[in-house]
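> Below: sequence and its predicted model.
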Amino acid sequence: MTNEVVSHDSGATSQDSGSLTVQEVWVSSSSFQGPLPPAEELSKYQEVSPDFPKRLLEMVEAEACHRRQIEEKVVDAEIASEKENQEDRKRGQYLGFLIAIVTIVAGSYLSLNGSQLPGTFIGLSGVTGLTAAFIHGRKRQEQESNEKGEAEN
């Protein structure tokens with residue numbers, strides 16, 4: 001957080017010399033950014049209520065602590081979600097591999113035992129499914145890495 005004090009002063013003078021009238025006007029404004037006002041302002045608040053600066057500081061510290069806790073929870077949730085996604089992908093890979101192996105073995109068995117056309121069809125479907133899953137997985141990985149790259153920019 002940044003504390004920034006901005007002050008603007010402007011003015012003009014007032015004189016009456018014949019028909020020319022010049023008027024003097026002073027305008028002053030100030031503002032600040034951040035959780036705490038400048039020390040000069042804080043001392044003015046202390047004149048109104050002696051414990052106000054201490055209460056204000058405690059409030060700012062509590063808010064900062066709360067914000068850090070929320071950010072920590074968000075990061076923890078993102079990490080847990082990513083771990084869960086990785087476990088799901090692994091499970092899907094294992095099951096896909098198992099299905100491919102079963103279809104290839106079943107197709108080979110059928111082909112060797114006299115049912116060549118159904119065996120070939122079943123065996124090729126296993127190989128085709130495995131290849132399609134591999135290609136789809138690669139495309140999804142590239143898409144996710146592109147999305148992460150765009151999010152960082």
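Arrived safely. Here the structure is a predicted model, which means the values were calculated and not measured.
> show me where this protein has strands.
4-10, 15-17, 20-22, 27-33 (DSSP state E).
> Go through the ones you listed and find the least confident stretch.
Among these, strand 4-10 carries the lowest mean pLDDT, a mean of 45.
> for the protein, which spans come out with low pLDDT?
For the chain, residues meeting the criterion pLDDT under 70 lie at 1-19, 153.
> Identify the residues contacting L57.
L57 makes contact with L36, according to CB atoms under 8 Å, 6 or more residues apart in numbering. C-beta here means a position set from N, CA and C on the backbone, and glycine is covered the same way.
> ok, the spatially closest residue to A100 that is not a sequence neighbour - how many residues close by?
In space, and not counting its chain neighbours, A100 is closest to L130: 4.0 Å by CB to CB, 6 or more residues apart in numbering. By other CB atoms under 10 Å, 17 other residues sit near L130.
> How about the contacts made by L130?
By CB under 8 Å, 6+ apart, the contact set of L130 is 96-97, 100.
> Of those - the most surrounded one?
Across those, neighbour numbers were computed from other CB under 10 Å; A100 holds the maximum, 19 neighbours.
> So that residue versus T131, what's the distance?
Applying CB to CB, to the nearest Å, the value for A100 to T131 is 9 Å.
> try P118
According to CB to CB, P118 stands 20 Å off from T131.
> for R67, same thing?
As judged by CB to CB, R67 and T131 stand 49 Å apart.
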